[in-house]
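Enquirer: here's my sequence, what's the structure:
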Amino acid sequence: MIKPHFTPTSNDYRSAVHLNSLLIAVCAVAMLVMIVGMSFATSWVQLVVWTVVAVLAVLAICMIAFIVGACGGSRRG
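Expert: Residues are numbered from 1 along each chain as shown. Okay, here's the model as predicted:
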């Protein structure tokens, strides 16, 4: 039976903090890669490669956020 309302425990809070920290770290790395790669690109090919890497990093962030939201928000049992 799914409980519609529940009080989060300290373990739930710690899990949410850890997942949030992971998302922040991934976002920071993605932004750093994007800025450094686009700043030091010497040709259009390198610029395209760094742009693709940045887009893939953003897609990975979105996938992680979706998985966390889809799996972490429900209580079963």
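
Enquirer: how about the nearest residue to the residue nearest the centre of the chain, chain neighbours excluded?
Expert: Geometric centre of the chain, nearest residue: I61, 3.1 Å, by C-alpha atoms, centre = their mean. In space, and not counting its chain neighbours, I61 is closest to V26: 5.4 Å by C-beta to C-beta, 6 or more residues apart in numbering. Just so you know, the C-beta spots here come from the backbone N, C-alpha and C atoms, and that holds for glycine as well.

Enquirer: repeat that for G37.
Expert: Closest to G37 by C-beta to C-beta, 6+ apart is W50, at 3.0 Å.

Enquirer: give me the pLDDT for that neighbour.
Expert: pLDDT recorded at W50 is 82.

Enquirer: make sure the residue nearest to the centre of the chain is indeed in a helix.
Expert: Yes: I61 forms part of a helix when assessed by DSSP: H, G, I helix; E, B strand; the rest coil.

Enquirer: list the contacts of stretch 31-41.
Expert: Stretch 31-41 is contacted from outside by 46-47, 49-51, 53-54, 57, using C-beta atoms under 8 Å, 6 or more residues apart in numbering.

Enquirer: filter these down to the ones in helices?
Expert: Counted as lying in helices by DSSP state H, out of the contacts of stretch 31-41, are 46-47, 49-51, 53-54, 57.

Enquirer: neighbour count and distance to Y13 added to the contacts of stretch 31-41, as a markdown table?
Expert: Below are the contacts of stretch 31-41 laid out as a markdown table (neighbours: other C-beta atoms under 10 Å; distance: C-beta to C-beta, whole Å):
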| residue | neighbour count | distance to Y13 |
| --- | --- | --- |
| Q46 | 13 | 43 |
| L47 | 14 | 43 |
| V49 | 13 | 40 |
| W50 | 19 | 37 |
| T51 | 14 | 38 |
| V53 | 15 | 34 |
| A54 | 17 | 32 |
| A57 | 18 | 28 |
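
Enquirer: what about T42, is that helix, strand or coil?
Expert: Here T42 is recorded as coil under three-state DSSP.

Enquirer: picking that back up, relative to S15, which of the contacts of stretch 31-41 is nearest.
Expert: Comparing the contacts of stretch 31-41 against S15 with C-beta to C-beta places A57 closest, at 23.6 Å.
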